[in-house]
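A.B. asks: sequence-free structure coming up:
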């Protein structure tokens with residue numbers, strides 16, 4: 001079984017994230033979606049349990065997707081989950097330099113056990129980020145093109 005890790009904060013999970021998960025499901029036996037705490041981010045829209053619940057609900061009918069959460073490095077989560085690689089989504093070439101550096105570090109600190117697979121989001125999702133979605137949502141504009149309907153509903157519930 002070839003298992004890969006797709007880490008992120010997923011706050012909120014976007015159609016871009018989902019596109020990468022779906023691509024990875026087509027390529028690998030199992031995709032472990034790891035909801036990780038990013039120490040650099042202080043203001044989450046959803047707490048980690050809510051993000052886990054949202055993603056599990058989105059993928060409840062896909063046996064190839066496993067959802068985990070944690071507060072350790074992605075590479076450690078990949079090792080703990082018996083993954084062979086970390087999947088990273090690229091929105092464009094601007095992400096490339098950072099991802100090359102991250103891939104090298106992850107390979108080094110895992111003693112060569114964890115590789116990185118970069119996937120490009122489909123064209124209509126390449127500009128989407130969770131930060132952008134939250135900004136558009138804050139100014140009360142339509143985000144239905146960027147997130148699943150169920151995610152949008154949960155976001156609207158936060159306003160009440």
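C.D. replies: Yes, it's here. Everything quoted here is computed from the prediction, not taken from an experiment. Numbering: from 1, shown residues only.
A.B. asks: Tell me the buried residues in stretch 129-136?
C.D. replies: Of all the residues in stretch 129-136, those buried under the rule 16 or more other CB atoms under 10 Å are 130, 133-134. For every residue, glycine as well, the C-beta is placed using N, CA and C.
A.B. asks: Next up, phi/psi of residue 113, please.
C.D. replies: Main-chain dihedrals, residue 113, degrees, to the nearest 10: phi -80, psi -30.
A.B. asks: Kindly report the same for residue 120.
C.D. replies: phi -90, psi 130.
A.B. asks: Now tabulate the buried residues of stretch 129-136 in a markdown table and tack on distance to residue 39.
C.D. replies: Converted to a markdown table, these look like this (distance: CB to CB, whole Å):
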| residue | distance to residue 39 |
| --- | --- |
| 130 | 16 |
| 133 | 21 |
| 134 | 19 |
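A.B. asks: Between those, which sits nearest residue 75?
C.D. replies: Of all the buried residues of stretch 129-136, residue 75 sits closest to residue 130, with 21.5 Å by CB to CB.
A.B. asks: hey, where'd the helices end up in the chain?
C.D. replies: 15-27, 48-58, 74-80, 96-109, 130-138, 149-159 (DSSP state H).
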